[in-house]
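# Show me how the following folds:
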Amino acid sequence: SVLWSNIIKFNTALNARFTLVKLINHWYLTPAQLSRIAQSGSPLCWKRCGQRADFIHCWWECPQAKRFWTTVIDLIKDITGHTLPLEPASLLLHSGLDDHLPISLRSLIDTILAASKLAWAASWKSSTPPTQVDCMDKIWAVLEMDKITDKLKQSECTNYKSIFAKKWNPYVTYLRSRDLLPDTALTKYLLNL
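Numbers count the residues shown, from 1 in each chain. Model (predicted):
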């Protein structure tokens, strides 16, 4: 219940929350499960590593999954300056994140992890893993929803204290430093924060 309350507290994106629910409940069927259920098909990993693909393998042990999560760790370090351990509890369940981090930074890290899981799930049956650009597209989609949520909360609550700018500033700074900010109305809004 602590895990779930942290996800609720730090992430407003429903699709990211739902992905975590699906992950925890083993909703994603693996090649090993499908071959056992259908009595046909290969139980080997869709990412073509040649290994039997059970749930842990698909999300964590596959060499392509390890490379993907290493890329996510590097992305988080580049954006926030914070290094996460390469362990499933931290990256898949958001467990063990430093409680001393400011809420805005913790929220951004949780969002990046959630968006990364969305990207991995989107390539679930693909032979290729998601790219860093795929993750960043998912992060951007969450940013857009966070902006809408923030505006709604501001209009409904007179004593609401927004952390939107504080949360997203490291990400916007990262994108700006690499000339990756898309030319949208949201970008113009973000640059004026």
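# Low-confidence bits of this structure, can you list those?
1-26, 185-193 (pLDDT under 70).
# Please identify the residue most distant from the middle of it.
Residue farthest from the centre of the chain, counting by C-alpha atoms, centre = their mean, is residue 39 at 33.6 Å.
# give me phi/psi at that residue?
phi 60, psi 20 (degrees, to the nearest 10).
# next one: residue 52
phi -60, psi 130.
# again, but for the one 4 residues further on
Phi and psi for residue 56, reported as degrees, to the nearest 10, are phi -60, psi -40.
# Based on its surroundings, how many neighbours for the closest residue to it other than its chain neighbours?
Closest residue to residue 56 apart from its sequence neighbours, by C-beta to C-beta, 6 or more residues apart in numbering: residue 88 at 7.8 Å. To be clear about C-beta, it is placed using only N, CA and C from the backbone, and glycine gets the same treatment. Number of residues near residue 88 (other C-beta atoms under 10 Å) recorded here: 15.
# I'd guessed residue 88 sits against residue 57; true?
No. The criterion here is C-beta atoms under 8 Å, and residue 88 misses it with residue 57 at 11.5 Å.
# Which residue, neighbours along the chain excluded, lies closest to residue 73?
Residue 73 sits nearest to residue 84 (C-beta to C-beta, 6+ apart), 5.3 Å away.
# can you pull the contacts of that neighbour?
Shown in contact with residue 84 (C-beta atoms under 8 Å, 6 or more residues apart in numbering): 73, 76-77, 90-91, 97, 109.
# again, 6 Å this time
Residue 84 makes contact with 73, 76, 90 under the criterion C-beta atoms under 6 Å, 6 or more residues apart in numbering.
# now the residues you listed in CSV, with neighbour count?
As requested, these are exported to CSV (neighbours: other C-beta atoms under 10 Å):
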residue, neighbour count
73, 20
76, 20
90, 17
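# quick one: the strands in the protein?
Read by DSSP state E, the chain holds no strands at all.
# Next, count neighbours for residue 80.
Applying other C-beta under 10 Å, we find 18 residues neighbouring residue 80.
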